[in-house]
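Participant: Structure for this input, please:
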Amino acid sequence: MTQSWSLQKRLVAGILALLTLATLAIGVLSVTLLRANLLDQLDDEVRMTAARVENSLGQGGSRGPGVGFDGPGIPVDSLVGVVGADGVIAAAYLDSDADVRELSIAQRRALVQIPFESPRTVRLGGGLGEFRVIAERLDAGSALIVGLSTRDVQATIARLGAVITAVLIGILIVAGVLGREVARVALRPLTRVRESATRVTELPLDRGTVALADRLPKLDTDPGTEVGQLGAAFTRMLVHVQSAFDARQASEQKVRRFVADASHELRTPLAAIRGYSELTRRSGHELPEDIRHALSRIESESVRMSALVDDLLLLARLDEGRELRRDPVDLGRVLVDAVADARATSAAHEWVVRVPETPVVVEGDEHRLHQVVANLLANARIHTPEGTRVTAALGSLEGRAIVTVTDTGPGIPDDIKPVLFERFARADTSRSRATGSTGLGLAIVAGVVAAHRGRVTVSSHPGETVFTISLPLSAGVREAPAPPIA
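Facilitator: Below is the predicted model of the structure:
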């Protein structure tokens, strides 16, 4: 469980554990020394009491049940016993009310076992508790037993234990509060490092110009402290990463510029090739069949190359972050027109369009949004067999327009899904390829949708593939429920 604790919690817990151990050690040592000192004092008092009792007995004092208590200076909570030469003991207890009480047989039997000369602690039953007892020899083989209650010693030890416990609790509370604040202040540089790293992770590092301007203050990069060494290493890492991003951005910028320039320069010669081939084919001259076929192939390939160049140029412009037009666009009309074009292109597929009666309007470039839907429909047409049902549906949900293009084809292989929207990504033969595909259609879909602050997702399994586009609705547009997909 402690593995999931923060460093601040671990530091505070360590401080509290050390304080607890130190306080307990001091408390145990204090209690032990105090108890030993109090017992020594009690032993001295026992010896003095035994001397008084012995002196009283020597002056003809009673040796009966009230033995020894007729002498002066005998304290309360004390006991006195005399063991005769025959082994019979007469013993009594002077309680706190100064009343003499004879001890029971069991209590007297416990006193008989006391060794001579050295005081011992004896526990007597009957509610008397512990006594510090000494046994001394008398004349004619008899012995004197004197004891004082340890009740005051135990009460003092108990009070000291309570004081130590209260002090320990107070120390832990104060140390916990102060330790947390001290740990927070000490770890504040780590907090700043974490916040800086968090801000870096929130930057769009995968594209565009990246500016890692977040630097730690000099206080957090002091090489004389462990935290400062971490901050200095983090700052050096940011510098290296920034250098790498700058180099990557410069390289990507060169590639984009080259693609854009090359695409732009290729459009004119491709248009010339297409125009001359078409002019030659329609010149009216009798041409051999193989020449006519060659001209037809030149014309068709120039058309395909022109489309590829246009796609590359569009992607290059999207990469540069160029703003698209921002006009109100009725997506219902876009879907209807795109499906009509697809139906004219391939009558062998079953084309279905479903749009709500209420217009679904977004802010964007109508031509590019039409291209997005057309690309998705073309993707379904190219990669599904004839007779496949393709449905384009439109609705809105939570302030966003939802466009879905669903086909009942064989589905997308799992290994293609992660790279489906990358450039020149192609499916394998499980989604049969038709001629004319450049591999840029879905990349254009992703780029145009992202430029409209939207997102595109795909879900696919054999028998159903669904592309879903989500775009923000124009302000003030009433939402329309999405029609069923199938």
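
Participant: Is residue 145 in a helix, a strand, or coil?
Facilitator: In three-state terms, and counting by DSSP: H, G, I helix; E, B strand; the rest coil, residue 145 is strand.

Participant: What residues are bridge-paired with it?
Facilitator: Beta-bridge pairing for residue 145 (DSSP bridges): residue 81, residue 135.

Participant: you'd agree it is up against residue 137?
Facilitator: No. Contact between residue 145 and residue 137 fails when scored by C-beta atoms under 8 Å: they sit 10.9 Å apart. C-beta: built from backbone N, CA, C; applies to glycine.

Participant: Those two: which is more packed in?
Facilitator: Between residue 145 and residue 137, counted using other C-beta atoms under 10 Å, the more crowded position is residue 145 (27 against 11).

Participant: Quick check: what element follows the helix or strand harbouring residue 442 along the chain?
Facilitator: Assigned by DSSP states H and E, residue 442 belongs to helix 441-451. Toward the C-terminal end, the helix or strand that comes next after helix 441-451 (DSSP H and E) is strand 455-461.

Participant: Please spell out which residues along that next one are buried.
Facilitator: The neighbour-count check on strand 455-461 (16 or more other C-beta atoms under 10 Å) flags 456, 460 as buried.

Participant: Could you check how far that strand is from the centre of its chain?
Facilitator: Offset of strand 455-461 from its chain centre (C-alpha atoms, centre = their mean, to the nearest Å): 29 Å.

Participant: Same check on stretch 388-398?
Facilitator: With C-alpha atoms, centre = their mean as the basis, the mean position of stretch 388-398 lies at 38 Å from the chain mean.

Participant: swap in stretch 351-361?
Facilitator: 44 Å.

Participant: send the alpha carbons of it over as PDB?
Facilitator: C-alpha atoms of stretch 351-361 as PDB (Å, rounded to 0.1, in the frame of the first residue of the first chain):
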ATOM      1  CA  TRP A 351     -26.700   3.400 -52.400                       C
ATOM      2  CA  VAL A 352     -28.800   4.800 -49.500                       C
ATOM      3  CA  VAL A 353     -28.900   8.300 -48.100                       C
ATOM      4  CA  ARG A 354     -30.600   9.300 -44.800                       C
ATOM      5  CA  VAL A 355     -30.800  12.900 -43.700                       C
ATOM      6  CA  PRO A 356     -33.200  14.600 -41.300                       C
ATOM      7  CA  GLU A 357     -35.800  17.000 -42.300                       C
ATOM      8  CA  THR A 358     -34.200  19.700 -40.200                       C
ATOM      9  CA  PRO A 359     -31.100  21.200 -41.800                       C
ATOM     10  CA  VAL A 360     -27.800  20.300 -40.100                       C
ATOM     11  CA  VAL A 361     -25.500  23.300 -40.600                       C
END
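
Participant: how about it: buried residues?
Facilitator: 351, 353, 354, 355, 356, 359, 360, 361.
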